[in-house]
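I would like to see how this sequence folds:
(chains A, B, C and D)
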2 protein chains.
Amino acid sequence: MISTKGRYALRVMLDLAENAKDAPVPLKDIAERQEISKKYLEILVRDLVKGKMIKGSSGKGGGYTLCRAPESYSVGEIIEQMEGPLKTVACLAEEAADCPRAGHCLTLPLWREYDQLVHDFFYQKKLTDLLAQTKK
Amino acid sequence: MISTKGRYALRVMLDLAENAKDAPVPLKDIAERQEISKKYLEILVRDLVKGKMIKGSSGKGGGYTLCRAPESYSVGEIIEQMEGPLKTVACLAEEAADCPRAGHCLTLPLWREYDQLVHDFFYQKKLTDLLAQTKK
DNA sequence: CTTTTACCTACTATGTCAATAGGTTTTTGC
DNA sequence: GCAAAAACCTATTGACATAGTAGGTAAAAG
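Now for the predicted structure:
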């Protein structure tokens, strides 16, 4: 399950892409538009800043701006920034690399295939693909 | 993330498919082959029995047997039996059907598409598809 | 009537999620 | 230079799920 962290962060990114004219977008406005507690968004946004996906500027007239062009962000990288590696199954995480059953496990190929499917889906989807719907 | 419940249950089903000759397969044997605590497996197996996927018979010479032909079980139904509805995102669960943002949410179509992808993947995969690898 | 098996109830430690609360620093405009 | 507006920071909480463990009862066969 994709948690609110990832889902809200994606909405923040979309909101920034939509509402960035020239000035930074204050979190207060995003919170109101998205109907999400500003306090909670602060936490999420911090992770986005850490990941160099958005940039914050303090003070009056401040707010957040995207670091790159909207079409360059994949949904996958946003989700991974928020929730950690997009691993669908524990067997495929770093720590499980040494599973003694790996050689003959009947289910491992299935998880690999699934993991690949999910990864490809989210990394080929760009921020602008979601935005397109409104612009018509 | 798919939890151990779903993953272990799938392995139990595969073990049953592989080792069912004529007699029921005791859980003790499955636990040893799969290297999973028998005590924990008892809990998982209970859910499978409840879902009418396998049948248990008590007493000496007892054990578990599949209820249907192995090729008729999809991986999806096994996972859903163990972990509940295969919903990848809270927005798509029953309770969230009344989300006021649904009409103009930019992310909802993405989640729908993802959900469909996952659902199709797991429901088209049959138990026998995983088994095939050994039989060569 | 003993052994083997399934079946049942309860408990627990750990961790994550989804927030809330309250405060500090930075920047700009007046 | 000071007040307002914004980002930024630390800590805490309640609820829930996961991944088991423990100890027992019932049923069936030999």
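
disregarding residues adjacent in the polypeptide, which is nearest to A:Ala17?
Closest residue in space to A:Ala17, ignoring its immediate chain neighbours: A:Pro70 at 4.1 Å, by C-beta to C-beta, 6 or more residues apart in numbering or on different chains. The way it works is simple: take the backbone N, C-alpha and C, and place the C-beta from them, glycine included.

any idea of the pLDDT on the one you found?
Looking at A:Pro70, its pLDDT is 96.

swap in A:Lys136?
A:Lys136 is assigned a predicted lDDT (pLDDT) of 43.

do A:Ala20 as well
What the model reports for A:Ala20 is a pLDDT of 86.

quick one, phi/psi of it?
The phi/psi pair for A:Ala20 (degrees, to the nearest 10) reads phi -80, psi 110.

what distance do you get for it to A:Thr88?
Counting by C-beta to C-beta, to the nearest Å, the separation of A:Ala20 from A:Thr88 is 33 Å.

neighbour count: those two, which is higher?
A:Thr88 (20 against 15; other C-beta atoms under 10 Å in any protein chain shown).

quick one: that one and A:Thr4, what's the gap?
Using C-beta to C-beta, A:Thr88 is found at 18 Å from A:Thr4.

need the residues of chain A near chain B, please.
Contact residues, chain A versus chain B (C-beta under 8 Å from any C-beta of the partner chain): A:1-2, A:4, A:7, A:10-11, A:14, A:35, A:75, A:87-91, A:101, A:106-107, A:109-111, A:114, A:117-118, A:121-122, A:125, A:130-131, A:133-134.

quick one, helices of chain A?
Using DSSP state H, the helices of chain A run over A:4-19, A:27-34, A:38-50, A:75-83, A:108-124, A:127-131.

what about the fourth one, near DNA strand C?
Yes: Helix A:75-83 comes into contact with DNA strand C (C-beta under 7 Å from any atom of the strand), by way of A:Glu83.

list the contacts of that helix.
Here helix A:75-83 makes contact (C-beta atoms under 8 Å, 6 or more residues apart in numbering or on different chains) with A:2-3, A:5-6, A:9-10, A:13, A:44, A:47-48, A:51, A:53, A:86, A:119, A:121-123, A:125-127, A:130, B:110.

C-alpha coordinates for it, PDB please?
Extracted C-alpha coordinates of helix A:75-83, given in PDB (Å, rounded to 0.1, in the frame of the first residue of the first chain):
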ATOM      1  CA  VAL A  75       6.200   9.500  -9.900                       C
ATOM      2  CA  GLY A  76       8.600   6.700  -8.800                       C
ATOM      3  CA  GLU A  77      11.300   9.000  -7.600                       C
ATOM      4  CA  ILE A  78       8.800  11.000  -5.600                       C
ATOM      5  CA  ILE A  79       7.400   8.000  -3.900                       C
ATOM      6  CA  GLU A  80      10.800   6.500  -3.200                       C
ATOM      7  CA  GLN A  81      11.900   9.800  -1.700                       C
ATOM      8  CA  MET A  82       9.100   9.600   0.700                       C
ATOM      9  CA  GLU A  83       8.700   5.900   1.500                       C
END
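
what parts of chain A come near DNA strand D?
Residues of chain A lying near DNA strand D by C-beta under 7 Å from any atom of the strand: A:24-28, A:42-43, A:45-46, A:49, A:56-64, A:90.

A:Arg7 is in contact with B:Ala96, isn't it?
No: assessed by C-beta atoms under 8 Å, A:Arg7 is found out of contact with B:Ala96, at 11.3 Å.

centroid-nearest residue for chain A?
The centre of chain A sits closest to A:Ile78, judged by C-alpha atoms, centre = their mean, with a distance of 2.1 Å.

mind checking which of the residues of chain A next to DNA strand D are buried?
With neighbours counted by 16 or more other C-beta atoms under 10 Å in any protein chain shown, these contain buried members at A:24-27, A:45, A:63-64.

just the ones of those in strands?
Per DSSP state E, strands hold the following members of these: A:63-64.

chain B: which of the buried ones among the residues of chain A next to DNA strand D is nearest?
Nearest to chain B out of those is A:Val25 (C-beta to the nearest C-beta; 15.7 Å).
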